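Peer 1: just the structure for this:
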Amino acid sequence: GGIAMADSGALSFADSAVSNSIAADSGGGARFESSTSIATLVRSNVSENRATSASAFYYSGSASTPGAVRDSQFVSNVAGDGITITAVSQLSWFPCQLGEWMPTRGVFEGDVAGCNACPERYYGNATNLETARCSGTCPLGHFCELGSALPVPCPNGTRMPLFGASSADDCLDCPRGQYQSESGQPSCTTCPAGTHSADTGSSECEVCKSGGYCQVEDGSMVRQACPAGSYNPETKSTSIGSCLLCPAGTSGSDIEATTNATCVPCRAGSFASGEGKQACQFCPQGYHQSEAGATSCVRCAAGKFCPEGSSREMDAQCAAGTYANVTNDDGIPDCFDCPAGSSCGGGAAP
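Peer 2: This is a model prediction of the structure:
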C-alpha cells in the first residue's frame, strides 16, 4: 500500500495527499498497526487507492489513546468489499460540530469527507457525538431537521404531541375553539368561557360576539348563532339561554340577531301564540284578526265569512237556508244547503 507501519512509532499526516496506491490485502492508502502509538491525519486527502478491503485506511492503534482525523477526506477509493476505512481501535474525528456525529470504531463505506449530519428526528447538542441517535430523539412540541444542533420549537398556534417530528410541517394547527400562545408545546388549550377561536392555528381567543353564544363541544369552545326567533345583544355569552326569545305576537326570521328590532309584530290576519316564533301563522278559516301583534285570532261571527288569513269579517253573501264556510280562488264564497236539523240564516256556519 501507500504507507504501512507496524509498531514503529506514531504516524502523522499534515497537509498531505496519499493517492494511486494498491494493497493486496487492506490499507490501500495507509495501514497502521501499533499497540503503543497512534496515527494522526490533519487536512489530508486520501484518494484513488485500491485494496481488497479498507482501500483508504486501515487503523489499529493504541487502546488507551484514540487516533485522530481532522479536516481530512477519503474519496474515490476502491475496495473489493466496498469498505473505505477500517478502524479496529478508536479513531476520533475532529471537528464533529453540533448537529454532527461519527462512529469511532468499525467500518466506513464509500466516500468519507467528514462527520455525518444528525438524521431527521434527532438532534446533537454536543460535539464529537458517536452514534446516529446523536443527543437523542426530538422532544414533544419540537421538530428536528437534518443536522439539527437543537430542537426547534413548533410556533405559536400549533402543537406536536409526538416525539421525533422532522420538520415544521409536522407541527399541527390548534383546532377551532382552541389556542396556544406559546411555542414548543405538545398540546393546545380550550378557549376560556365566553371566548372562541374561529380559525385553526390560533395563538389567542376572541370574545364571543353578540348575536350568539360560545360553549364547549368535543373539547373545543365553539360559537353558535342565536336561532331565528331570538336575539342576543350581549358579548361573552356561554349558552343558548343567553338568546332572548321574541315575545308572543311577534316573529323573527333572522339568525344571529343582536337586537329585538328583528322581532316584527304579526300583521293583521296573523298571530304568534307564544315566544320565539320564526314566523307568524295565518288566522285559520273561520277566524280573523284586525290588529297587528296579536297572539290569537277571533272567531268569525254568525252570518259572516272569514277565509284563512282574514283581517276582518266579510258578509257571507249566502241566502237564508244556506251557509258558507270556504272560498273559491276568486274570493267569492260557495254556499251550501243547511244540513237537516240546523237553522241557517245565511251565516258563515250552520
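
Peer 1: tell me the domain boundaries of the protein?
Peer 2: With domains defined by automatic domain parsing, the chain comprises 3-116, 139-207, 208-265.

Peer 1: out of the ones you listed, which is closest to F271?
Peer 2: Across those, F271 has its closest neighbour in domain 208-265 (7.2 Å, C-beta to C-beta). Heads up, the C-betas are built off the backbone N, CA and C, glycines and all.

Peer 1: which stretches of the stretch 201-350 of the chain aren't confidently modelled?
Peer 2: 303, 316-317, 324-333, 345-350 (pLDDT under 70).

Peer 1: show me where it has helices.
Peer 2: Under the criterion DSSP state H, counting those that start in this stretch, the stretch 201-350 of the chain contains no helices.

Peer 1: which strand residues bridge the residue nearest the centre of the chain?
Peer 2: When C-alpha atoms, centre = their mean is applied to the chain, the residue found nearest the centroid is D173 (3.2 Å). With DSSP bridges applied, the residues forming beta bridges to D173 are T158.

Peer 1: for the domains of the chain, give me TSV that also has distance to S273.
Peer 2: Below are the domains of the chain laid out as TSV (distance: least, C-beta to C-beta, whole Å):
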stretch	distance to S273
domain 3-116	75
domain 139-207	34
domain 208-265	6
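
Peer 1: nearest to E313, out of the ones you listed?
Peer 2: Among the domains of the chain, the nearest to E313 by C-beta to C-beta is domain 208-265 (20.9 Å).

Peer 1: so what's L245 up against?
Peer 2: Residues near L245 by C-beta atoms under 8 Å, 6 or more residues apart in numbering: G229, S230, E275, G276.

Peer 1: now it: how far from K277?
Peer 2: 9 Å (C-beta to C-beta, to the nearest Å).

Peer 1: same thing with V107?
Peer 2: 84 Å.

Peer 1: the more surrounded of these two?
Peer 2: Under the neighbour definition other C-beta atoms under 10 Å, V107 and K277 were set side by side, and K277 has more, 24 against 16.

Peer 1: tally of neighbours for the residue nearest to that one when sequence neighbours are not counted?
Peer 2: Computed as C-beta to C-beta, 6 or more residues apart in numbering, the closest residue to K277 that is not its neighbour in sequence is S251, at 4.4 Å. Using other C-beta under 10 Å as the criterion, S251 is surrounded by 23 other residues.

Peer 1: show me what S251 is bridged to.
Peer 2: With beta bridges defined as DSSP bridges, S251 has these partners: V264.

Peer 1: hang on, the earlier thing: who are the contact partners of the residue nearest to the centre of the chain?
Peer 2: D173 neighbours (C-beta under 8 Å, 6+ apart): G157, T158, T200, G201.

Peer 1: buried subset of these as a PyMOL selection?
Peer 2: Buried members of the contacts of D173, identified by 16 or more other C-beta atoms under 10 Å, are gathered into one PyMOL selection as follows:
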select buried, resi 157+158+201
